[in-house]
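Participant: here is my input, please return the structure:
(one chain, ligands or ions: 1)
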Amino acid sequence: MDCMRQDGILHISLLNGQARAILIESTGLVQRARDIHGLSKIATAALGRTLTATAMMGSMLKGKDESVTASIRGGGPIGTVLAVSDANCAVKGYVDNPAVDLPRTGPKLPVGAAVGREGRLTVIKDLKLREPYVGQVNLVSGEIAEDFAMYFTASEQTPSLVSLGVLVSKERVESAGGLIVQMLPDASEAAIQSVEASAGMFMDISGTMKEYHLEGAVDQLLMHLQPQILERRDARYACDCSRQRVEKALITLGRDELNDMIATQHGAKVDCHFCNKRYVFSEDDLKRLLASATAPAK
Ligand SMILES: [Zn+2]
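Facilitator: Here you go, the predicted model:
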């Protein structure tokens, strides 16, 4: 069955190393996001495209503790769309308004109208250095693939083609996938032209994934570009929240905030944005945290 297929990411060399492609099948992880958040069809497409792009960016990270966060704020009714991936392609995300719905004006879901076009795509890479790397671009269309393409080209100075697709029916995510093609610095003019000539094939990525799946899509999409698969990895939706992490976050709120919670709410309920897991703290729990908040630094 299709739904039992495992998501995966391929890193592919093109044209004898003059370009590279990253190809992902993300049907399962987008379905998981839809189930967790109860996403409308438009929200499934918007968050699904963002998760798909972010998982591909996660696969480009070098160190295993590194992570990448992409957030899109376009001023539209969906609010913020945010996704995080670690270097193992464990991805998670959320949207502010999971129920967003807009009338369809053409054959495609109006993702750009839901996201909005007056705002920015921000990419934060935590490379475990003193400061994270932050890149930002103005949105092109709010359709997300074009916005990521602009990010790679303008902020990372790597001209890139980006295709993202989520095919969603009333019942389920039928297919989802993405492709990033990047020219490498020593690419010849002929290589650039070959990639541009193939670009038309990249557009219907969800349709291609539905029919051919990950390995089959390589031939289907990249056959004219001498594809050589370098690496295959799994991708999945996963949240790494824990009671310990939530405790740390509560402690960093500070004494005043904790005292206020104890006095007015006699406890605290904290819901994880990414997996909806609820952490409940009693008054005594909070008093214990208050003690650590006052403890001298070790
Ligand atoms: Zn969580």
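
Participant: and Arg255, how many neighbours?
Facilitator: Applying the criterion other C-beta atoms under 10 Å, we find 12 residues in the vicinity of Arg255. Just so you know, the C-beta spots here come from the backbone N, C-alpha and C atoms, and that holds for glycine as well.

Participant: where does the prediction get shaky in the stretch 151-298 of the chain?
Facilitator: Across the stretch 151-298 of the chain, residues meeting the criterion (pLDDT under 70) sit at 294-298.

Participant: enumerate the residues of it near the ion.
Facilitator: Applying C-beta under 5 Å from the ion, one finds that the stretch 151-298 of the chain approaches the ion through Cys239, Cys241, Cys272, Phe274, Cys275, Lys277.

Participant: report how many residues lie close to the fourth one.
Facilitator: If I follow you right, that is Phe274. Other residues near Phe274 come to 21 when the count uses other C-beta under 10 Å.

Participant: just the third one next, same as before
Facilitator: As a burial measure, the neighbour count of Cys272 was computed by other C-beta under 10 Å and equals 18.

Participant: now Glu143, nearest residue through space, not along the chain?
Facilitator: Residue nearest to Glu143 in three dimensions, not counting chain neighbours: Gly112, with 4.6 Å by C-beta to C-beta, 6 or more residues apart in numbering.

Participant: checking my notes, Met56 in a helix, right?
Facilitator: Yes. Met56: assigned to a helix according to DSSP: H, G, I helix; E, B strand; the rest coil.

Participant: and it, what does it touch?
Facilitator: Contacts here follow C-beta atoms under 8 Å, 6 or more residues apart in numbering; on that basis Met56 touches Ile9, Ile22, Ile24, Gly178, Ile180.

Participant: again, 10 Å this time
Facilitator: Neighbouring residues of Met56 by C-beta atoms under 10 Å, 6 or more residues apart in numbering: 9, 11, 21-24, 26, 68, 85, 89, 91, 148, 162, 164, 178-180, 235.

Participant: just the ones of these in strands?
Facilitator: Those of the contacts of Met56 mapping onto strands are 9, 11, 21-24, 68, 85, 91, 162, 164, 178-180, per DSSP state E.

Participant: so which of these is the closest to the ion?
Facilitator: Distances from the ion to the ones in strands among the contacts of Met56, taken as C-beta to the ion, are shortest for Val91 (12.6 Å).

Participant: how much space separates that closest one from Ile144?
Facilitator: Val91 is 15 Å from Ile144, where distance means C-beta to C-beta, to the nearest Å.

Participant: before we move on, back to that, from the ones in strands among the contacts of Met56, which is closest to Ser40?
Facilitator: Of all those, the one with the least separation from Ser40 (C-beta to C-beta) is Leu164, at 17.9 Å.

Participant: run a quick neighbour tally on Cys275.
Facilitator: Neighbours of Cys275 under the rule other C-beta under 10 Å: 18.

Participant: let me see the contact set for the residue nearest the centre of the chain.
Facilitator: The structure's the chain has its C-alpha centroid closest to Leu51; by C-alpha atoms, centre = their mean the separation is 2.5 Å. Under the criterion of C-beta under 10 Å, 6+ apart, the neighbours of Leu51 are 24, 26, 29-30, 32-33, 70, 81-85, 91-93, 164, 166, 176, 178, 235, 237.

Participant: contact partners for Ala53?
Facilitator: Taking C-beta under 10 Å, 6+ apart as the criterion, Ala53 is in contact with 22, 24, 26, 68, 70, 83, 85, 91, 121, 123, 144-145, 147-149, 151-152, 162-164, 178, 180.

Participant: so where does the closest residue to Leu258 other than its chain neighbours fall, helix or strand?
Facilitator: Once flanking residues are discounted, Leu258 sits nearest to Leu290: 4.9 Å by C-beta to C-beta, 6+ apart. Using DSSP states H and E, Leu290 sits in helix 283-294.

Participant: quick one: buried residues of that helix?
Facilitator: Within helix 283-294, the residues that count as buried by 16 or more other C-beta atoms under 10 Å are Asp285, Leu286, Leu289, Leu290, Ala293.

Participant: what about the first one, distance to Phe202?
Facilitator: Taking C-beta to C-beta as the measure, Asp285 and Phe202 are separated by 52 Å.
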